[in-house]
Each structure stands twice: as structure tokens, then as C-alpha cells.
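**Q** Fold the following.
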Amino acid sequence: MIQPPSQRLSATFAVTLLLSVGPAAGPARAATPGVASALDAAATGRFVALALSCVHQEYPNKLSHVLASDADARPPRELTPAFYGCFDWHSSVHGHWLLARAVHLFPDAPFAGPARAALDRSLTPANVAAEVGYLSTPGRASFQRPYGLAWLLQLDAELRAWDDPDARRWAATLAPLEREAAARLSSWLPKLRYPIRVGEHGQTAFAFGLVHDWARAAGDTAMGALLDGKAREFYLADRACPLAYEPSGEDFLSPCLAEADLMRRVLPQAEFARWLGAFLPGIPRSATARDAARDWLEPGIVTDRSDPKLAHIDGLNLSRAWMLEGIAAALPPRDARAPALRETARRHAEAALPAVTGEHYEGGHWLGSFALYLTTGAGRPARAQSGPATAARAVTLR
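**A** Numbers count the residues shown, from 1 in each chain. Here you go, the predicted model:
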């Protein structure tokens, strides 16, 4: 069994979920730094501790590495010196995203200093140059495509959104790798004939959503147009997604909900609402949201959190929660489906957040990023009207 990191987290604490309730689809908007409560900062600190414990922990390590000769048999810290920890490359990348987002939102929290130091250690010109060299080596065309590359662009988007001297420096340092990742996706997408509808890393809908948010942040209109076109080509005609077939045993992403969460980024509000009715016709339209949600979509059950694949279901519950919230937030005001969507999101978050601990490294090396994506409203559509964009709900983790 993979041994957990030496620092384990308490399994009892409270998290305030920041659940956006905006009616209009639009650019993703980060929560405003400084408005969250001390409880939020303390809970976020638990997730930060998970990332700090692993972003520079080299082993155990699962390489996605093609060897062309004996010279390629090298340790992770030499192959990809910016992102070699957290068990695998993509988890290291979104572990760094977690650190950046946490300090962006909580610049005065106790964890801010260690998180900045970790980012500074990783995001150096020499390290990034080595990452670009690794990625551009012949024979690695599909490396971390699309999932890891999408998270790399999400890291860049977070740094771009953060008005901070360190963040601007890190973004400038990361720029060559950002360009390489974006170029690889841009050259791949026109050749991709079919969507990838799995519940793991290869899924296109989830990755398209992350890259779509980056394209808006970076002002890359060409990438945005390419993604909009592919989303419409792949998904616009879809009907009656078989949500009852989910989950598969090792899913951490819902194929159906991820598709809807992507399309709310692509379609105007009214068109999205109509499309959703045909795509997920079973969403309850009921004033008794709690009972309707219970009958519609139950949280997944994890049978063994020490098994790295079975533990994926905790990630599924977290990602379902943020996708359901994103879908609800993109619907028109007073849409009858929104209460059940939000109640279902709440139940999934309640099922998963207590499991985001360091007890098992199998989940501890990556679930913190999913938890922070959910609890800070990352990727959520912006509100059309002015005023607070969040409603707090307390979830006690026991």
C-alpha cells in the first residue's frame, strides 16, 4: 500500500461552501480576496497542508514517461523539475494551482508564506525550461493530454487573475510552458474527430471547460472559438444522457454532468436552458428539492480509500457538486430545476468533504485541489447583476 505523508490532517473541521447563484452564463470569476471568513481560511488551510506535503515529495511516483533510450531512465525531479511531486505530473500541477488560489483568496492566512515559498521553489526559469524541453521531445505528443495540460492552463489563469507581484513573476516564468501546452491542444483539437466520454483523465468535456476558462482569462479568442466549435460539434445534438449508467467503478468525473457544465460556458442562457431540458430531462422540477434530489442522483459510495482507483469516487462526488452548482447558476432566474440541482450538489459535497484528509496518500495527493475548486467557486459563472455572488452553507466534516 502507498504510505501516506507524515503529516496527517484532522478529520473533524468545518468548511463554508461558497455556492454561486448567478443566472447568466459568462466568464468564470474568482471569489473576491478578503471577503471570506476566518473559518474559510482555516478550512482552506487543511487543503493547503495536503498540497504542501506533496508538491516536493518525489516518491511514490507514477510516471507517464516514454523512454527512447537508456538516457531517459532518470528520476522524476530531473525529468520534470517543476512538477515532480504529488505522485504524478497532473496532480503536481493542480497542487500548485491549489497553492496559488488559496494565497490569492487568503493572502494573510498563516499558510500564505509556506505556499508562496513552495511556488517560488517550483516556478523558476530553469525548471520551466526543462519542462518545455521534456514536453517538446519527439514521442511525447500525447503527454498529459488533455487533463494535465488543461490543469496547467488553469494554473496560469489563476496567476493571471491574481494582482500580486509574485503572481505576475510566476506567470511570466510559466509563459513558455503555457504557450507549449496551448499550442499542443490547438494542433490536436482540429484532428479530434470524436469526443472522449470517459469518467477519468481522458475526458474531453471537463478539460474543455478548464481550457475555455483559461482562454477567456488569457484573451485567446482563437482557442475560445476552437473550443466553442468543438463543443457544439461534439455535444449540441446530444439528448437524454444516460445518467443512470453512472458512475463507473473508477470515475472521478461525470461524463453527463461535465458535458452540461461545459455547454453552460458555450451557449447563451436561454439556449442552454432548452438544451439542458433535452439532455438531462430527468432533473426534478419540484418545490420539495430535498426529496426530489434524493430520488434523482445519489452520491457515489467509496468502499476502500486506500485503493487509488476506488478512491476516485470521492473525487467524483466533489466534481459532481461543483458541476451541479455551475449548471444551476447558469439557468434563468426562478428556473424550477435549480433547487434540486443545488440540493443534489449539497448532498454530494457533504458526502465527500470529510474524506479530504491525509489519511491515505492515494486520495490525499489530489483531492485537496478538487475540494478547493468546489469550496471557492472556481469556474462558476459570473452573476449578471451586482451584489454578493455567494451564499454560505456550512458543512461539518466529521
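
**Q** For Lys309, which non-adjacent residue is closest in space?
**A** Glu250 (4.4 Å; C-beta to C-beta, 6 or more residues apart in numbering). All C-beta atoms are positioned from the backbone trio N, CA, C, and that covers glycine.

**Q** Secondary structure of the one you found: a helix, I assume?
**A** No. Counting by DSSP: H, G, I helix; E, B strand; the rest coil, Glu250 falls outside a helix, being coil.

**Q** list the buried ones in stretch 99-117?
**A** Buried residues in stretch 99-117, counting neighbours by 16 or more other C-beta atoms under 10 Å, are found at 99-106, 109, 111-112, 115-116.

**Q** got a list of contacts for that stretch?
**A** Residues lying outside stretch 99-117 but in contact with it, judged by C-beta atoms under 8 Å, 6 or more residues apart in numbering, are 30-31, 33-34, 36, 40-41, 44-45, 47-49, 51-52, 55, 118-119, 155, 158-159, 161-162, 164, 166-167, 170, 372, 376, 378.

**Q** Quick check on these: which are buried?
**A** Buried, going by 16+ other C-beta under 10 Å: 30-31, 36, 40-41, 44-45, 47-49, 51-52, 55, 118-119, 155, 158-159, 161-162, 164, 167, 170, 372, 376, 378, out of those.

**Q** What ranges does the stretch 101-250 of the chain have for its helices?
**A** 112-122, 125-135, 147-161, 165-188, 204-218, 221-235 (DSSP state H, counting those that start in this stretch).

**Q** so can I have a markdown table of those showing mean pLDDT?
**A** Conversion of these to a markdown table gives the following (pLDDT from 0 to 100):
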| stretch | mean pLDDT |
| --- | --- |
| helix 112-122 | 98 |
| helix 125-135 | 98 |
| helix 147-161 | 98 |
| helix 165-188 | 98 |
| helix 204-218 | 98 |
| helix 221-235 | 98 |
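
**Q** With respect to Ile301, which of those helices lies nearest?
**A** Ile301 lies closest, by C-beta to C-beta, to one member of the helices of the stretch 101-250 of the chain: helix 204-218, at 21.8 Å.

**Q** Also compute the angle for that closest one relative to helix 221-235, please.
**A** 160 degrees (axes from the mean of the first three to the mean of the last three C-alpha atoms, to 10 degrees).

**Q** quick check: angle from helix 204-218 to helix 165-188?
**A** Using the same axes, to 10 degrees: helix 204-218 against helix 165-188 is 130 degrees.

**Q** Make 55 the first number, not 1, from now on.
**A** Sounds good: first residue 55 from here, last item helix 258-272.

**Q** How many residues are close by the residue nearest to Lys363?
**A** Applying other C-beta atoms under 10 Å, we find 16 residues neighbouring Glu304.

**Q** One more: Asp315?
**A** 26.

**Q** Just the C-alphas of stretch 396-412, formatted as PDB.
**A** Only the C-alpha atoms of stretch 396-412 are listed here, as PDB (Å, rounded to 0.1, in the frame of the first residue of the first chain):
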ATOM      1  CA  ARG A 396     -28.300  22.800  -5.600                       C
ATOM      2  CA  GLU A 397     -29.700  20.300  -3.100                       C
ATOM      3  CA  THR A 398     -28.000  17.400  -5.000                       C
ATOM      4  CA  ALA A 399     -24.800  19.400  -5.000                       C
ATOM      5  CA  ARG A 400     -25.000  19.900  -1.300                       C
ATOM      6  CA  ARG A 401     -25.500  16.200  -0.700                       C
ATOM      7  CA  HIS A 402     -22.500  15.300  -2.800                       C
ATOM      8  CA  ALA A 403     -20.300  17.800  -1.100                       C
ATOM      9  CA  GLU A 404     -21.400  16.600   2.300                       C
ATOM     10  CA  ALA A 405     -20.600  13.000   1.300                       C
ATOM     11  CA  ALA A 406     -17.100  13.900   0.000                       C
ATOM     12  CA  LEU A 407     -15.600  16.700   2.000                       C
ATOM     13  CA  PRO A 408     -15.000  14.700   5.200                       C
ATOM     14  CA  ALA A 409     -12.800  12.300   3.100                       C
ATOM     15  CA  VAL A 410     -10.400  15.000   2.100                       C
ATOM     16  CA  THR A 411      -7.700  14.200   4.600                       C
ATOM     17  CA  GLY A 412      -4.100  12.900   4.600                       C
END
